[in-house]
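quick one, structure for this:
(chains A and B)
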2 protein chains.
Amino acid sequence: MSSVQTYLQEHEERFVRELCDYVHFPSVSAQPSHAADTRACADWLLRHCREIGLEAELWATAGNPVLLARTRRTPGARRPHFLVYGHYDVQPPEPLELWHSPPFEARIVGRSLFARGASDNKGQHMSHLNAVEAYLRTGTELPCDLTFLIEGEEEVGSGNLAPFLKSHREELRCDAVVISDNGIPSLRHPGLTYGLRGIAALEVKIHGPARDLHSGLFGGSVENPAMALCQLLARLRDRHGRIAIPGLYDDVLPLSAYERKQLARVPFNATAYRKFVGVPELFGERGYTPLEQSTARPTLEINGLTSGYQGAGSKTIIPAWASAKLTLRLVPNQEPKKIAKLVTQHLKKICPPTVRLTVEPGHGGLPYLVSPTSKLAQASLRTLKESFGHEPVLVRSGGSIPIVADFKQILGADCLLLGLSLPDDNAHSPNEKFSLDAFAKGMKMSACLWPELSAAV
Amino acid sequence: MSSVQTYLQEHEERFVRELCDYVHFPSVSAQPSHAADTRACADWLLRHCREIGLEAELWATAGNPVLLARTRRTPGARRPHFLVYGHYDVQPPEPLELWHSPPFEARIVGRSLFARGASDNKGQHMSHLNAVEAYLRTGTELPCDLTFLIEGEEEVGSGNLAPFLKSHREELRCDAVVISDNGIPSLRHPGLTYGLRGIAALEVKIHGPARDLHSGLFGGSVENPAMALCQLLARLRDRHGRIAIPGLYDDVLPLSAYERKQLARVPFNATAYRKFVGVPELFGERGYTPLEQSTARPTLEINGLTSGYQGAGSKTIIPAWASAKLTLRLVPNQEPKKIAKLVTQHLKKICPPTVRLTVEPGHGGLPYLVSPTSKLAQASLRTLKESFGHEPVLVRSGGSIPIVADFKQILGADCLLLGLSLPDDNAHSPNEKFSLDAFAKGMKMSACLWPELSAAV
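Have a look, this model is predicted:
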């Protein structure tokens, strides 16, 4: 094992050069003008995987190809199998004028490598590829089988990933999926993201009079649909963020004392956070910290409101209708369809008889949780401590990552989210960068990870 | 007096022909292409007034000319003076394809004269001109001085009327202004509109985070401005329409028992009304009839709501801001500026500290009331009974007519709203018509009016 770590240290300069080559491809999946660049990027990745000793293929999909690269299997051996997920496509670089150097020409300043895709996600999955190269080149036996699945459509919604997983279900069956495509608070706070929130979307519409009415001639005897909507929505949530819909919290798995203690260790500066978001005062459900509120508690958000006249000046009407786009963020073990039904039923119950209500359910996504006390999670934490040299944090993310649910649903595998991105990496923004220290720590982490995880299976 | 009425009956056919000539002018003030037609219409009206024996002039304004036509004054006599207001401009006729005959070619079917402007307002003020012609041609002495003020920009907001009133303040000073530019329930229910609602407009905006935020990553610890807006607005009104703002009803002049009795006499079919507006159930402040609710009680209406994402599908954001356009309809003696201040103060008081509130006051208009027991109102009611042969109704209108406030403010004169338009006249709509019976009754009414009003001054 020490030879693997020595190899990684000795070849770091070359790894950085190879990452520079890799980010040189403008593999912008959202822009058809970059289709050839994206394909060239996939070809580069294929060659690279073969060069380091993996059995690699590009698999055609309805969109960009998926790369599968696997370690040579030992015939007859029944070893743990882990999947490493990543994506070779990148966000569009626009607005170009805000970049301090061309987005697809790597620029190294101190220990930062600036380029589109450096952090999201090329640098992160290259850490894992470099670690496996070290195993293979030093002849160190891996304690497990590994398959790299690196797709080219993550930034446009991974639309072809689920069908691919389904058609390759047998060979992709694994003990866990390792994903480094997210962030950690700092290099002194390496972290395992063990929970994600789910989502349930709804569109609520209040129908009033058959047409916009003159508010002078009719106002007072006909309900105003915009007011009816406000009064309905106002009753869905208290003033501190707690959702006021019967049954909504029934399936919520409470945060354990262990989780709360771990979440409290994540560095958080309330003043800096408040200033960053630009609000006069923070907000949130009583009895929970801001981090708990935004990652581990359900929320109900109005994403949009539309009614009546929205131009300059005023138009004295009772609008014919009013509508709102809602999303609820869900936590384990809430179920999107059940939650959408609860919201709909409650709205129907409290809607006044003077207007008509329609509710259209939108997309849904399951929340995700790996028990932080599970063997795999604990093995991940040990790996983080060993490789980063700091006590790791256990974190949840308030967002939803649909592919995580796909891996769970199609392959039956848990995901271990071991991000390497730092808060100032500017992912999706101009001047994206990747920390070369995170790169080095990431390789070290990946090398440590396989013995730990294999022992935990 | 009987000779005046006889004259009106004997010349009715000619009056109808003259109205046909008058509506032939497409005096559409909103459409620059009809500028010459509008001017030609004013010239026709000027000639007509002079022909019937009035001293008439067209007065230039920044827009279309104002016609002033007065009865010859008796030197030295100090008699009551009444102003008759009307407008020779008309609404655009579009959509033309919905007309059953060309809008500017009068078509008579039974006792209806179809043409744009027939009811609004050419037919109505011609009733008054015909009555004064009858006085003058039969040598019957008028008990008062009369001035006709007929403008050409009512349908585009009467923007040049207030300056005109100011610069002609002395010669227009009068005991009352008679306006026939509104409606009555039916010919069996002639009416005096003795009250109008005022208005106060406001734009309310809730400012949240500095930019739209990812609802997954931030939701729960940052207030949602759209929800904050809904919760604020929801608290401004109860579920039945009563406004929940401290002090808002302080200046409301309660409806008297006499008024409520009179309003109850106005024909009203709740089922037909509900079907006409197209709502599942009527609505309104407890303890008041729909007619009282929509004409004699203050209301708070949301005219428009805007926040966040309004396109197809969903966008998972906490919107940076949310705004609402509000108007309050006011009743005597509420004052728009004071009301706007009360609303603003209350909003500021109940706005949570997690968001920032701005309120921008918009236009305001005073409510209007002539005491229904005043001598002038009672004289009007006697006139209506005498001329229509039916017990008149006392009505209020829920809308606002800004010129009424102008007459009161600039000339100090009350307005007597003695409309001749019927509910099926299609004012502002295709196939506008004027009832020839209303035309005849209107002339009779006008002839009766001057002795009654003069005696009441």
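
what about A:Met404, distance to chain B?
One thing to correct before we go on: residue A:404 is Val, not Met. Relative to chain B, A:Val404 is positioned 13 Å away (C-beta to the nearest C-beta, to the nearest Å). To be clear about C-beta, it is placed using only N, CA and C from the backbone, and glycine gets the same treatment.

tell me the SS of that residue?
helix (DSSP: H, G, I helix; E, B strand; the rest coil).

now do A:Ala131
Strictly by three-state DSSP, A:Ala131 counts as helix.

tell me, how many residues neighbour it?
26 (other C-beta atoms under 10 Å in any protein chain shown).

report the buried residues of the host helix or strand of A:Ser3.
Assigning secondary structure by DSSP states H and E places A:Ser3 in helix A:2-10. Neighbour-count burial for helix A:2-10, counted by 16 or more other C-beta atoms under 10 Å in any protein chain shown, picks out A:4-5, A:7-8.

so for the next helix or strand after that helix, mean pLDDT?
Next along the chain after helix A:2-10, taking DSSP H and E as the criterion, comes helix A:12-23. On average, the pLDDT along helix A:12-23 is 98.

okay, buried residues for helix A:12-23 please.
For helix A:12-23, by 16+ other C-beta under 10 Å, it's A:15-16, A:18-20, A:22-23.

show the subsequent helix or strand relative to that helix.
Following helix A:12-23 in sequence, per DSSP H and E, is helix A:35-51.

alpha carbons of that next one, as PDB, please.
Extracted C-alpha coordinates of helix A:35-51, given in PDB (Å, rounded to 0.1, in the frame of the first residue of the first chain):
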ATOM      1  CA  ALA A  35     -20.700  17.700 -30.100                       C
ATOM      2  CA  ALA A  36     -17.500  16.800 -31.800                       C
ATOM      3  CA  ASP A  37     -15.400  18.200 -28.900                       C
ATOM      4  CA  THR A  38     -17.500  16.100 -26.500                       C
ATOM      5  CA  ARG A  39     -16.900  13.000 -28.600                       C
ATOM      6  CA  ALA A  40     -13.200  13.800 -28.800                       C
ATOM      7  CA  CYS A  41     -13.100  14.100 -25.000                       C
ATOM      8  CA  ALA A  42     -14.700  10.700 -24.600                       C
ATOM      9  CA  ASP A  43     -12.100   9.200 -27.000                       C
ATOM     10  CA  TRP A  44      -9.300  10.800 -25.000                       C
ATOM     11  CA  LEU A  45     -10.800   9.300 -21.800                       C
ATOM     12  CA  LEU A  46     -11.100   5.900 -23.400                       C
ATOM     13  CA  ARG A  47      -7.400   5.900 -24.500                       C
ATOM     14  CA  HIS A  48      -6.400   7.100 -21.100                       C
ATOM     15  CA  CYS A  49      -8.200   4.300 -19.300                       C
ATOM     16  CA  ARG A  50      -6.700   1.700 -21.600                       C
ATOM     17  CA  GLU A  51      -3.300   3.100 -21.200                       C
END
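
any idea how many residues pack against the residue in the stretch 251-400 of chain A that chain B sits nearest to?
When scored by C-beta to the nearest C-beta, the stretch 251-400 of chain A has A:Gly278 as its residue closest to chain B, at 2.8 Å. A:Gly278: 15 surrounding residues under other C-beta under 10 Å.
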